[in-house]
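Engineer: requesting a structural model of the entry that follows:
(one chain, ligands or ions: 2)
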Amino acid sequence: MSTARHRFPEIPIREASSPAPAPPQGRLAQMVEAFATRHRDKLAWIHVAMFLGFMALMIVPLFLPLPDDGATFYNNFPLFANFVIWGLWFPLVFVSVIFTGRSWCGLLCPLGACSEWANRIGLKRPVPAWVRWRGTPIVSFVVITVLAQTVDARGFPEGLAVVFGLTFVCAIALGLVYGRGRNKRAWCRHMCPIGLMLGVFSRIGAVQFAPKRPRSGGDAYTERGVCPTMIDINRKTESRHCIECFRCVNPEARAGLKLLLRRPGREVAEIRHNNPNSAEIWFLFLATGLSLGGFLWLILPQYEQLRQAVGAWAINNGWYWIGTPGPWWLMSVHPAGREVFTWLDFFMITGFMLACAVALSAVLTALTAVSSWAAGRLGADGNLRSRLVELAYAYMPVAMISLVIGLGGKLFATLPTIGLSAAWVTGIQAALFGISVVWSLSLGRRLLGIQGLAGPRRWAAMAPTAGAIGLIALAWWPAIFGL
Ligand code: SF4
Ligand code: SF4
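Structural biologist: Ligands and ions are numbered 1, 2, ... in the order given. Presented below is the predicted three-dimensional model:
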């Protein structure tokens, strides 16, 4: 007996009561938790600094002359402000959700902080049904995205001030009126277009706040708890509405939430356990089409031909007003900057972007529905609608990169000024898009696997969705490789 015992290396036996050591990612999460909770009281100062910084970037360029032809963001403040907002802030905040979730919202955003400050002194009325409607943030996103194009928020500081000024006013107004309890952020939960993007895409991120003592029943909404975005924290299963404010986290407590690090994409691959909903799918489809439309109207010769034809038809019918410029808060009117939009431009840009959004959504819905129908015939579980909603989450990576390339194109446009050749910029964009396509295909495969399909049946059901993903890639071809 004793010889047999010594034939194998001894395995150290831990006392039953001693806790298992945390894995490396667990230790990192614990360190972040401890740091964030220790310094939570300093967040207000960060918000004040961010508010002042944002105000400077938004307001100072309004009082400076237009840049000369040879000016760059190194030597011209309006160009610098434009680069910081559109070239750095927008794409980087967006991509950061993969690594740190909605940390921008909880830790840095001055807009959300203003809304919360307003809530402290406001009326604290219950959030009404029209604000809580799932389509409200989508409408807000569509309005702001189209307005950013018609006022040319990327080209002129006045446009930027209109878009951010409007969102600031709405965020403060909503905070002043709605949200019971203290420190609520009805704007961040229900209406912020940026929050919608960051929230939906945070589902593929590596960060999660999970209840230490989860309660069954799935996600629930409450205006009474500690959470500023009205999450019933013990029933939390989805990341979307969590702005990572750390208010529900106390490393010493046995209840509340804890920070977990996870493999990116896991929440989406297991979406059926994480509150899937069709509103997010509509957002993914519409946002992809909208950003595509916002890019294509600038480069397609067919858009210009259509514009000329519509203009000629309107003039022939006596609608002369259509050739005159409208108000500055609705469209870009910059004679000195050689850009004056007329009502024709306003309606054409708006119509074209909305048409692209609706057309692409219809195609993606149809192809995903064919996949889901085929999956059902091949033995997948659930009904057609539930399969469709689940599978549509596979588009998340390509939708995200569509928004980065379409709406955050300033970053790529600026890369040559820091010495990168055009070929490198094209390579980076193509690589990002390639990764997103592969990721989307892999997610689709996993989602169909969870629905119960394997082997060739899984690939057969996946084929129409793979075609749709390829179609999105093809649509972005001109943006990446040129016409
Ligand atoms: S939801 Fe919008 S306003 Fe709120 S913190 Fe996030 S980005 Fe800022
Ligand atoms: S769940 Fe916790 S960390 Fe997330 S927003 Fe609510 S209170 Fe903040």
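Engineer: pLDDT below threshold where in the stretch 301-450 of the chain?
Structural biologist: The stretch 301-450 of the chain contains no residues with pLDDT under 70.
Engineer: whoops, the stretch 1-150 of the chain was the one
Structural biologist: 1-25.
Engineer: enumerate the residues of it near ligand 1.
Structural biologist: Counting by C-beta under 6 Å from any ligand atom, the stretch 1-150 of the chain comes close to ligand 1 at 105, 109, 111-112. From N, CA and C alone the C-beta is placed, and that goes for glycine too.
Engineer: kindly recompute the last result at 8 Å.
Structural biologist: Within the stretch 1-150 of the chain, the positions lying close to ligand 1 (C-beta under 8 Å from any ligand atom) are 102, 104-106, 109-113, 115.
Engineer: quick check: the residue of the stretch 1-150 of the chain nearest ligand 2.
Structural biologist: In the stretch 1-150 of the chain, no residue comes nearer to ligand 2 than residue 106, which is 6.2 Å away by C-beta to the nearest ligand atom.
Engineer: residue nearest the centroid of this structure?
Structural biologist: residue 197 (2.0 Å; C-alpha atoms, centre = their mean).
Engineer: need the mean per-residue confidence for the helix or strand in which that one is found.
Structural biologist: Residue 197 belongs to helix 193-202 when elements are defined using DSSP states H and E. Helix 193-202 shows a mean pLDDT of 96 in the predicted model.
Engineer: could you say which helix or strand holds the closest residue to residue 465 other than its chain neighbours?
Structural biologist: Leaving out its chain neighbours, the residue that sits closest to residue 465 by C-beta to C-beta, 6 or more residues apart in numbering is residue 371, at 4.3 Å. Residue 371 is part of helix 343-377, with elements assigned from DSSP H and E.
Engineer: against which helices or strands is the helix or strand just after that helix packed?
Structural biologist: The first helix or strand that comes after helix 343-377 along the chain, using DSSP H and E, is helix 384-392. Under the contact criterion of 3 or more C-beta pairs under 8 Å, 6 or more residues apart in numbering; DSSP states H and E, helix 384-392 touches helix 278-299, helix 343-377, helix 422-450.
Engineer: got TSV for those helices, with distance to residue 56 and mean neighbour count too?
Structural biologist: Below are the helices and strands packed on helix 384-392 laid out as TSV (distance: least, C-beta to C-beta, whole Å; neighbours: other C-beta atoms under 10 Å):
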stretch	distance to residue 56	mean neighbour count
helix 278-299	27	22
helix 343-377	30	19
helix 422-450	29	18
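Engineer: of those helices, which is nearest ligand 1?
Structural biologist: When those are compared by C-beta to the nearest ligand atom, helix 278-299 sits nearest ligand 1, at 14.0 Å.
Engineer: distance between that closest one and the chain's centre?
Structural biologist: 12 Å (C-alpha atoms, centre = their mean, to the nearest Å).
Engineer: so after it, what's the next helix or strand?
Structural biologist: Next element after helix 278-299 (DSSP H and E): helix 301-316.
Engineer: which elements pack onto that next one?
Structural biologist: Judged by 3+ C-beta pairs under 8 Å, 6+ apart, the packing partners of helix 301-316 are helix 343-377.
Engineer: what angle sits between the helix it packs on and helix 301-316?
Structural biologist: 130 degrees (axes from the mean of the first three to the mean of the last three C-alpha atoms, to 10 degrees).
Engineer: all helices of the stretch 151-300 of the chain, in order?
Structural biologist: 157-177, 186-190, 193-202, 266-269, 278-299 (DSSP state H, counting those that start in this stretch).
Engineer: contact partners for the residue nearest to residue 465?
Structural biologist: By C-beta atoms under 8 Å, 6 or more residues apart in numbering, the residues touching residue 371 are 391, 444, 448, 461-465.
Engineer: pipe those into CSV and attach distance to residue 211 per row.
Structural biologist: Output for these, formatted as CSV (distance: C-beta to C-beta, whole Å):
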residue, distance to residue 211
391, 28
444, 29
448, 29
461, 34
462, 34
463, 39
464, 38
465, 33
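Engineer: any chance of those in a markdown table, plus distance to ligand 2?
Structural biologist: As requested, the contacts of residue 371 are exported to a markdown table (distance: C-beta to the nearest ligand atom, whole Å):
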| residue | distance to ligand 2 |
| --- | --- |
| 391 | 28 |
| 444 | 29 |
| 448 | 31 |
| 461 | 35 |
| 462 | 34 |
| 463 | 39 |
| 464 | 37 |
| 465 | 32 |
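Engineer: give the bridge partners for the residue of the stretch 251-400 of the chain found nearest ligand 2, please.
Structural biologist: Using C-beta to the nearest ligand atom, the single residue of the stretch 251-400 of the chain nearest to ligand 2 is residue 257, 5.2 Å away. Counting by DSSP bridges, residue 257 is bridged to residue 211, residue 249.
Engineer: how about residue 314: what's its closest non-neighbour residue?
Structural biologist: Using C-beta to C-beta, 6+ apart, the nearest residue to residue 314 is residue 322, at 4.5 Å.
Engineer: how about stretch 246-253: buried residues?
Structural biologist: Neighbour-count burial for stretch 246-253, counted by 16 or more other C-beta atoms under 10 Å, picks out 246-249.
Engineer: show residues contacting that stretch.
Structural biologist: Residues contacting stretch 246-253 (C-beta under 8 Å, 6+ apart): 30, 33-34, 36-37, 40, 106, 209, 212, 226-228, 233, 256-259.
Engineer: go on, stretch 37-57?
Structural biologist: 81, 84-85, 107-111, 113-114, 164, 245-247, 249-251.
Engineer: please name whichever of the helices of the stretch 151-300 of the chain is nearest to residue 453.
Structural biologist: helix 266-269 (14.2 Å; C-beta to C-beta).
Engineer: by neighbours, which of the residues of the stretch 1-150 of the chain next to ligand 1 wins?
Structural biologist: Neighbour counts for these peak at residue 115, which has 31 neighbours (criterion: other C-beta atoms under 10 Å).
Engineer: okay then, goodbye and thanks.
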